[in-house]
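Chemist: how would this look folded up:
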Amino acid sequence: MAKAQTGKAEKELIEAFLALENADEAYRFLRDICTPKEISDLADRWQVARLLDEGKLSYREIHAQTGVSVTTVGRVARFLQQENYQGYRLLIDRMKKK
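Modeler: Numbers count the residues shown, from 1 in each chain. Presented below is the predicted three-dimensional model:
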């Protein structure tokens with residue numbers, strides 16, 4: 001599995017995320033560090049990844065259901081299925097176990 005190449009600032013951001021202890025802290029941190037639009041975009045991508053993983057809807061159906069562009073659906077699909085990072089896959093699988 002490929003390891004993400006990160007700079008110092010990115011590593012520090014990752015460490016900050018890892019220091020969060022619960023959902024409330026994560027919510028508060030996201031509200032501070034992201035704009036409402038950025039949070040919405042992240043949430044949309046996560047929803048698209050979960051819908052793609054279910055495999056029941058086409059890209060266009062996911063677009064119609066979520067309002068996310070077909071281009072973004074395709075990008076999420078590429079990262080879910082082909083890219084080496086496999087972050088979506090890791091968390092989708094982990095969430096299924098809960």
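
Chemist: Tell me, how many residues neighbour residue 7?
Modeler: Around residue 7 there are 8 other residues, counting by other CB atoms under 10 Å. C-betas here are computed from N, CA, C, even on glycine.

Chemist: Sorry, wrong one. I was asking about residue 68.
Modeler: By other CB under 10 Å, 20 other residues sit near residue 68.

Chemist: what about it, which SS state?
Modeler: coil (DSSP: H, G, I helix; E, B strand; the rest coil).

Chemist: For the longest helix anywhere in the chain, the averaged confidence score.
Modeler: Identified as the longest helix of the chain according to DSSP state H is helix 36-54. In this model, helix 36-54 has an average pLDDT of 97.

Chemist: residues making contact with it?
Modeler: 30-31, 34, 57, 62, 65-68, 72-73, 76-77, 79-80, 88, 92 (CB atoms under 8 Å, 6 or more residues apart in numbering).

Chemist: give me that answer again for 6 Å
Modeler: 30, 57, 62, 66, 68, 73, 76, 77, 80, 88, 92 (CB atoms under 6 Å, 6 or more residues apart in numbering).

Chemist: List the ones among those residues that fall in helices.
Modeler: Counted as lying in helices by DSSP H, out of the contacts of helix 36-54, are 30, 62, 66, 73, 76, 77, 80, 88, 92.

Chemist: residues in contact with stretch 67-84?
Modeler: By CB under 6 Å, 6+ apart, stretch 67-84 touches 2, 44, 45, 48, 49, 52, 59, 62, 63, 88.

Chemist: again, only this time at 8 Å
Modeler: Contacts of stretch 67-84 (CB under 8 Å, 6+ apart): 1-2, 44-45, 47-49, 52-53, 59-60, 62-63, 85, 87-89, 92.

Chemist: Show the average pLDDT along that stretch.
Modeler: 96.

Chemist: Identify each buried residue in that stretch, please.
Modeler: 68, 72, 73, 76, 77, 79, 80 (16 or more other CB atoms under 10 Å).

Chemist: and which of these is nearest to residue 15?
Modeler: Nearest to residue 15, judged by CB to CB, of the buried residues of stretch 67-84 is residue 79 at 22.8 Å.
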